[in-house]
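**Q** Give me coordinates for this.
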Amino acid sequence: MGEALPPYVECPCGGHYVHMISVVVDQNGSLGIVDHAGCRNEIVPPRTLRGSTVTVRCWCEEGHGFEIEFYFRKGELLLSVTDPEECGEPGSTLWRD
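**A** Residues are numbered from 1 along each chain as shown. From the prediction side, this is the model:
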C-alpha cells in the first residue's frame, strides 16, 4: 500500500489554513463550475489534455492562490499542484460552516 496522504490540504508555501474558492470540472471544453455564486455550466475551447480534468482553486491565509488539478495521462490519474501566486484575499470562498 502507498504512502498515506496528509490529513489536511496544505498550500505549497506551507500554510495550513486553506480555503476552496471553486471547483471546475472540464469535459473537453464543457465546464461545470461550483463557486460562491452556485453551480453553472460554460462552454470554452477544449484544452489539449486528454480526458476530463477536475481543478480545485484554493486560497491560503498567507495570501497565496494555487490550484490542485486531477487529470488523466495514458490511463493514469495524476495530481498536480501549481506554485502559489500572491493574490491577497479573494472576494468569496465556498461555503464551509
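**Q** only C-alpha atoms for contact and neighbour calcs from this point on.
**A** Fine.
**Q** For residue 3, see how far away residue 19 is.
**A** 25 Å (CA to CA, to the nearest Å).
**Q** should've said residue 61
**A** Counting by CA to CA - residue 61 and residue 3 are separated by 27 Å.
**Q** More neighbours: these two, which one.
**A** Counted by other CA atoms under 10 Å, residue 61 and residue 3 do not tie: residue 61 has more neighbours, with 14 against 5.
**Q** where in the chain is pLDDT low?
**A** Across the chain, the ranges flagged by pLDDT under 70 are 1, 6, 49, 88-89, 97.
**Q** where along it do the helices fall?
**A** Read by DSSP state H, the chain holds no helices at all.
**Q** residue nearest the centroid of it?
**A** residue 56 (1.6 Å; CA atoms, centre = their mean).
**Q** OK, contacts around it?
**A** 20, 21, 22, 23, 24, 67, 68, 69 (CA atoms under 8 Å, 6 or more residues apart in numbering).
**Q** Residues in a beta bridge with it, which ones?
**A** residue 23, residue 68 (DSSP bridges).
**Q** From residue 2, how far out is it?
**A** 23 Å.
**Q** now do residue 53
**A** 23 Å.
**Q** neighbour count winner among the two?
**A** residue 53 (20 against 4).
**Q** residues touching that one, list them.
**A** 25, 26, 27, 69, 70, 71, 72.
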